[in-house]
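Asks: sequence first, then the predicted structure, then my questions.
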Amino acid sequence: MSDLREKIAEYDAQKAARVPGEILLQMADATARLRALGVADGSIKTGDRAPDFELPNHHGQPRRLYELLERSTVVLNFYRGGWCPYCNMELNALQQALPEIRARAATLVAVSPELPDHATDTQARHSLTFDVLSDVGNRVSERYGLTFELPEQLRPIYTKLGIDIPAFNGDDSFVLPVPASYVIDRDGIVRFHFVNVDYTKRLEPDDLLAILRSQ
């Protein structure tokens with residue numbers, strides 16, 4: 001299985017070589033400010049009951065969390081969008097780990113605030129064979145305590161990079177979810193959580209599999 005940490009480290013090295021240092025500093029400063037503000041401190045954590053929800057998948061079919069839990073443990077992944085390279089690396093790594101996730105009697109579901117057409121594009125580009133759900137308006141990620149607004153100083157940087165978040169999400173709020181992963185048991189209790197305001201940090205699939213093996 002590929003090492004997600006290694007792929008992220010390689011990408012970070014490439015980014016450091018091509019992105020001006022002042023922009024990298026602004027990105028790092030924005031992350032530090034989010035952490036200092038306590039963004040996601042009130043998020044759903046291990047031991048909490050996972051809020052139920054129903055969202056459409058990339059085929060427009062409704063998926064309800066507690067209906068999925070009737071059949072298996074659920075691995076719930078919140079990602080920012082298909083425009084985010086870190087999210088794309090994570091989604092690809094999860095796809096590679098999917099056979100082992102399913103072998104552990106777990107169902108993998110990913111959620112982002114992208115409009116359905118963009119969620120469908122993300123699923124197709126990466127040949128994902130798990131459900132990719134569209135949380136338009138971030139109403140589910142808000143219930144999980146994960147929402148934040150992209151800092152003002154980063155918006156022109158994203159625009160220069162060709163990332164139009166309002167166009168992807170269908171509103172003008174610049175609200176995104178903090179990337180997060182949850183393991184939720186069949187009683188709806190969170191048995192493990194990974195939440196980090198630093199979007200470059202993601203849960204390694206091997207660590208996720210170890211958690212599933214321990215359940």
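Replies: That came in fine, so what should we check first?
Asks: what strand or helix carries Val132?
Replies: Counting by DSSP states H and E, the element that carries Val132 is strand 131-134.
Asks: and that strand, what's its mean pLDDT?
Replies: Strand 131-134 carries an average pLDDT of 97.
Asks: name the helices or strands packed onto that strand?
Replies: Counting contacts by 3 or more C-beta pairs under 8 Å, 6 or more residues apart in numbering; DSSP states H and E, strand 131-134 packs against strand 54-56, strand 106-112, helix 116-125. Any C-beta I mention is one placed from the backbone N, CA and C, and that applies to glycine too.
Asks: so what touches that strand?
Replies: For strand 131-134, contacts defined as C-beta atoms under 8 Å, 6 or more residues apart in numbering pick out 55-58, 63, 108-116, 118-120, 122-123.
Asks: any regions of the protein where pLDDT drops low?
Replies: Low-confidence segments of the chain, defined by pLDDT under 70: 1-2.
Asks: got the CA positions of the strand holding Val132 in PDB?
Replies: Taking C-alpha atoms only, strand 131-134 is exported to PDB below (Å, rounded to 0.1, in the frame of the first residue of the first chain):
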ATOM      1  CA  ASP A 131     -19.700   6.900  -1.900                       C
ATOM      2  CA  VAL A 132     -18.700  10.600  -2.300                       C
ATOM      3  CA  LEU A 133     -21.400  12.700  -0.700                       C
ATOM      4  CA  SER A 134     -22.300  16.300  -1.500                       C
END
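Asks: quick one: distance of that strand to the chain centre.
Replies: 11 Å (C-alpha atoms, centre = their mean, to the nearest Å).
Asks: paired strands for it, with orientation please.
Replies: Strand 131-134 has the following strand partners under DSSP bridges: strand 106-112 (parallel).
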